[in-house]
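Undergrad: Structure, please.
(chains A and B)
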Amino acid sequence: MSNFVFGGLSFFTAFVLQAQNESFLKRFEPTLVNFLMLSFLLFVVGIAGVLSRRSILIILMSIELMLNAVNLNLIAFSRYLQLNQADLVKKGLAVNSITGSVFTVFIIIVAAAEIAVGLGILVTIFRNRRSATDEIDLLKF
Amino acid sequence: MQLYGWEAIIFYILAFSTLIMGVLVVSSRAAIHSALFLLGTVINVGMLFILLRAELAAGVQILIYAGGVILLLLVALMLRQPRQISDEQSDLYTKHMWPGVLLALLLAGGFFFAMNPAQPAFRPSADLKQTDASLSDSRKELAGAGSAVSNDTQNVGDAFYKTALLPFEITSVLLLVAVIGAALVARSLKQEPLYSKSEIAAAEETTEPDSDDDEAAEVAVESEETRTATTETETKE
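TA: Sure, this is the predicted structure:
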C-alpha cells in the first residue's frame, strides 16, 4: 500500500516540477483522442460487465454504459468536425457536423425504449419464476 | 479540437470520475449501488457533452437517462424479492469472469497501441499555431464560445425537422411500440398462462374461486365509486 502511495507521490512531484514550463502542460490539453480514449474505456468497462456479471439487471446497466460511451464518441466527433469544418471542406471532404448530435438523440431514445421493454421482461421473469435471475444463463457462454 | 485552461482540468476531473463510477457500476455488490453509480456516470457524460458544446444532447441525456431510465431501473430493483440479495452476494460473477475481463483488457490495449501513433495528428501543428490567432476568432464565432448560449440547439432542431424528419417520425412509432410491448409483457399474473405443471395445479386450486371473488369485489368497488361520484355531483349541483 505504501509503495503505491510513494510511487504516486514521486510521479506527482515529477509532474509538478516539469509543469513549470508551458510546453509540457500543453501535451495534456485534451484533444479528440482523449475523448475517444475515455469513450473507449467506458465501452470496455461495459463489455467487461456484460461478459462477467451474473445478474441480468447489471448486464442491462452495462449495456447502458456502452451506449453512453458511443454517444460520447459521436458528440466528440461532431465537435471536431464543427471546429475543423473550414479545413476539411478545403480538402474536399463533405462535412455535416450536426449529424453526431442528431444520432445521439436517436440513440438515447432507442436506449430508453430498449430499457422499458427489457425491464418489462425482467419484471415478468421475477414474477413467474419467483427466484434469482441466475437461472437464466443459457446465453452466458 | 483542443480544450484549454479550466476546460482541460474539468475534462480530466469528469473523465476520471466517469471511469471510476463506470467500474463501480460493474463491480459493486448491491444492484442498487450500481444503479446509483450509473446515475453518476450518466450525469458526468452529460457534463462532458456540455464541455463539447452539445447542449441539446446534454439536456436530453439528463432528462431521459437520469430521469427515465435510472428511475425505471430503480423501480425494477424494488420489485425483486429481498431473499434474492443474499443469493447474489454469494456469487457475483459468472464462472468465466476472467476471460471476459481479459478480453476487455486486450481491447483496451489494442486501442491504445492503435491510437498512440495517431495522436500527434490531431494536435494543431506548428505552422497552424502561427495562424491560430486569425483562426481562433472564426472558430469562436462558429462554436459560440464567446457568447453565453451556443446555437447548437437551434441547429439540431433544424436538422430534426428538415433533414432527419423521417427518422424522427419512425422514432415516435418505435416509442409507441415499446410502450405497448412493455405493458403487454409486464401484465399481471392472472392474465398470463402459467408454465410449470405444479404452478398450474396450484393456480387451479387457488385462483379460480379467488378470481370470482375478485371480480365481485371489483364490481362492488366500482359501484361504490360510481355511487360516491354521483353523490359528489349531486352535492356540487
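Undergrad: Report how many residues lie close to residue 14.
TA: Reading this off chain A. Using other C-beta atoms under 10 Å in any protein chain shown, the number of residues around A:Ala14 comes to 10. Backbone N, C-alpha and C define where each C-beta goes, glycine included.
Undergrad: You answered for a different chain; I wanted chain B.
TA: 19.
Undergrad: Confirm that it lies within a helix, as I assumed.
TA: Yes: when DSSP: H, G, I helix; E, B strand; the rest coil is applied, B:Leu14 is found to be in a helix.
Undergrad: my guess is it contacts B:Ile50, does it?
TA: No: taking C-beta atoms under 8 Å as the contact criterion, B:Leu14 and B:Ile50 are not neighbours in contact, 9.7 Å apart.
Undergrad: Let's see the pLDDT reported for B:Leu38.
TA: The predicted local confidence for B:Leu38 comes out at a pLDDT of 94.
Undergrad: One more: A:Asp134?
TA: Listed pLDDT for A:Asp134 reads 54.
Undergrad: now swap in A:Thr31 and tell me
TA: Model confidence at A:Thr31, expressed as pLDDT, equals 84.
Undergrad: Quick check, it in contact with B:Gln2.
TA: Yes: A:Thr31 lies in contact with B:Gln2 (C-beta under 8 Å); the separation is 5.3 Å.
Undergrad: neighbour count winner among the two?
TA: Taking A:Thr31 and B:Gln2 together and counting by other C-beta under 10 Å, A:Thr31 has the greater number of neighbours (18 against 15).
Undergrad: List the residues that contact A:Met101.
TA: Small correction: residue A:101 is Ser, not Met. For A:Ser101, the contacting residues are A:74-75, A:78, B:54, B:56-57, B:152, B:155-156, B:159, by C-beta atoms under 8 Å, 6 or more residues apart in numbering or on different chains.
Undergrad: I'd like the average pLDDT over stretch B:58-76.
TA: Over the span of stretch B:58-76, the pLDDT mean works out to 89.
Undergrad: Next: stretch A:82-102.
TA: Stretch A:82-102 carries an average pLDDT of 85.
Undergrad: Pull it out as CSV, backbone CA atoms only.
TA: This file holds the C-alpha atoms of stretch A:82-102, laid out as CSV (Å, rounded to 0.1, in the frame of the first residue of the first chain):
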residue,chain,number,x,y,z
GLN,A,82,-17.6,21.6,-36.3
LEU,A,83,-14.3,23.2,-35.4
ASN,A,84,-12.3,21.9,-38.4
GLN,A,85,-15.1,22.4,-40.9
ALA,A,86,-13.3,25.0,-42.9
ASP,A,87,-10.1,23.0,-43.2
LEU,A,88,-11.9,19.8,-44.1
VAL,A,89,-14.1,21.4,-46.7
LYS,A,90,-10.9,22.9,-48.2
LYS,A,91,-9.5,19.4,-48.5
GLY,A,92,-12.7,18.3,-50.4
LEU,A,93,-14.5,16.4,-47.7
ALA,A,94,-18.2,16.7,-47.3
VAL,A,95,-18.8,17.7,-43.6
ASN,A,96,-22.1,17.7,-41.8
SER,A,97,-21.2,18.3,-38.2
ILE,A,98,-24.7,18.3,-36.8
THR,A,99,-25.3,14.6,-37.6
GLY,A,100,-23.5,13.5,-34.4
SER,A,101,-25.9,15.3,-32.2
VAL,A,102,-28.9,14.1,-34.1
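Undergrad: Going by neighbour count, list what's buried in it.
TA: For stretch A:82-102, the buried set under the neighbour-count rule, 16 or more other C-beta atoms under 10 Å in any protein chain shown, comprises A:82-85, A:97-102.
Undergrad: Let's verify A:Pro30: helix, strand, or coil?
TA: Secondary structure assignment for A:Pro30 (three-state DSSP): coil.
Undergrad: what about it, neighbour count?
TA: For A:Pro30, the tally of surrounding residues (other C-beta under 10 Å) stands at 22.
Undergrad: wait, what's in contact with it?
TA: Taking C-beta under 8 Å, 6+ apart as the definition of contact, the neighbours of A:Pro30 are B:2-3, B:8, B:11-12, B:15.
Undergrad: And it, how close does it get to A:Asn96?
TA: 24 Å (C-beta to C-beta, to the nearest Å).
Undergrad: Tell me the residue of chain B that sits nearest chain A?
TA: Distances from chain B to chain A, computed as C-beta to the nearest C-beta, single out B:Gly100 as the nearest residue at 2.9 Å.
Undergrad: does that residue count as helix, strand or coil?
TA: Reducing the assignment at B:Gly100 to three states with three-state DSSP gives helix.
Undergrad: can you check B:Glu169 too?
TA: helix.
Undergrad: ok so, going back, which one of the contacts of A:Ser101 sits closest to A:Gly7?
TA: For the contacts of A:Ser101, the minimum distance to A:Gly7 (C-beta to C-beta) is 34.9 Å, reached by A:Ile75.
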